[in-house]
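[1] Got a predicted structure plus its sequence, pasted below:
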Amino acid sequence: MSEFSLNINGKQRIVNVDGDTPLLWVIRDTLGYTGTKFGCGRGLCGACTIHLDGDATRSCVTSIDMVDDDIEIITIEGLTEDNPHPIQEAWLEGDVPQCGYCQSGQIMTASAFLDRNPNPNESDIDTAMKMNICRCGTYPQIKKAILSAAENKAASNGGDRG
């Protein structure tokens with residue numbers, strides 16, 4: 001067991017775990033942020049997606065010893081402080097979730113994607129989201145929600161999506 005300092009959801013936290021412990025289990029079992037889900041354990045499905053310094057990252061295949069204490073970790077619980085993130089609002093407006101299991105990973109991937117590409121087309125979305133699996137098949141709703149979030153963000157910034 002080693003001591004690790006983490007910057008998670010805007011708070012500095014100290015944990016004592018083995019260095020090869022997947023970040024997913026530190027987040028869920030040690031820190032109690034259960035919105036990040038276990039899916040496949042191999043980084044293939046996307047249910048465990050979090051942000052590391054703004055990049056969508058699979059926490060099930062990222063060991064804690066790979067994360068420096070100055071790296072900002074954001075889970076679904078930390079995506080926003082007080083209000084829903086625009087992508088979360090679009091998810092609710094579009095009635096995206098069915099079983100909901102993959103949704104936090106979908107949202108985390110989509111929010112990081114929109115930070116990099118605020119004006120995506122459908123092909124961009126397909127490429128960005130292709131490694132996130134939804135067993136319920138809500139892919140059309142997910143795509144529509146991402147487009148809606150981009151449009152809403154552009155409208156609130158006074159921009160035009162073209």
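    Sure, I can see it.

[2] buried sites along stretch 49-59?
    49-52, 56-59 (16 or more other CB atoms under 10 Å). Where C-beta positions appear, they are placed from N, C-alpha and C, glycine not excepted.

[3] Need the max-distance pair from those residues.
    For those, with distances taken as CB to CB, the pair at the greatest spread is 51 and 58 (11.4 Å).

[4] Residue 121: which of the buried residues of stretch 49-59 is nearest?
    Among the buried residues of stretch 49-59, residue 56 lies closest to residue 121 (CB to CB), at 19.1 Å.

[5] List the strands paired with the helix or strand hosting the closest one, with their directions.
    With secondary structure defined by DSSP states H and E, residue 56 is part of strand 55-58. According to DSSP bridges, strand 55-58 has the following sheet partners: strand 49-52 (antiparallel).

[6] Distance from the strand it pairs with to the middle of the chain?
    Relative to its chain's centre, strand 49-52 lies at 5 Å (CA atoms, centre = their mean, to the nearest Å).

[7] hang on, residue 94 packs against residue 146?
    No - taking contact to mean CB atoms under 8 Å, the distance of 9.3 Å between residue 94 and residue 146 leaves them out of contact.

[8] Which of those two has more residues huddled nearby?
    When residue 94 and residue 146 are compared on other CB atoms under 10 Å, the one with more neighbours turns out to be residue 146, at 29 against 19.

[9] before we move on, which element is the more buried one in?
    Per DSSP H and E, residue 146 falls inside helix 139-156.

[10] helices or strands up against that helix?
    Under the contact definition 3 or more CB pairs under 8 Å, 6 or more residues apart in numbering; DSSP states H and E, helix 139-156 sits against helix 86-93, helix 103-116, helix 122-129.

[11] what about those helices, which gets the closest to residue 42?
    Proximity to residue 42 (CB to CB) singles out helix 103-116 among the helices and strands packed on helix 139-156, at 13.6 Å.

[12] How far off centre is the closest one?
    In this view, helix 103-116 has its centroid 5 Å away from the chain centroid, taken as CA atoms, centre = their mean.
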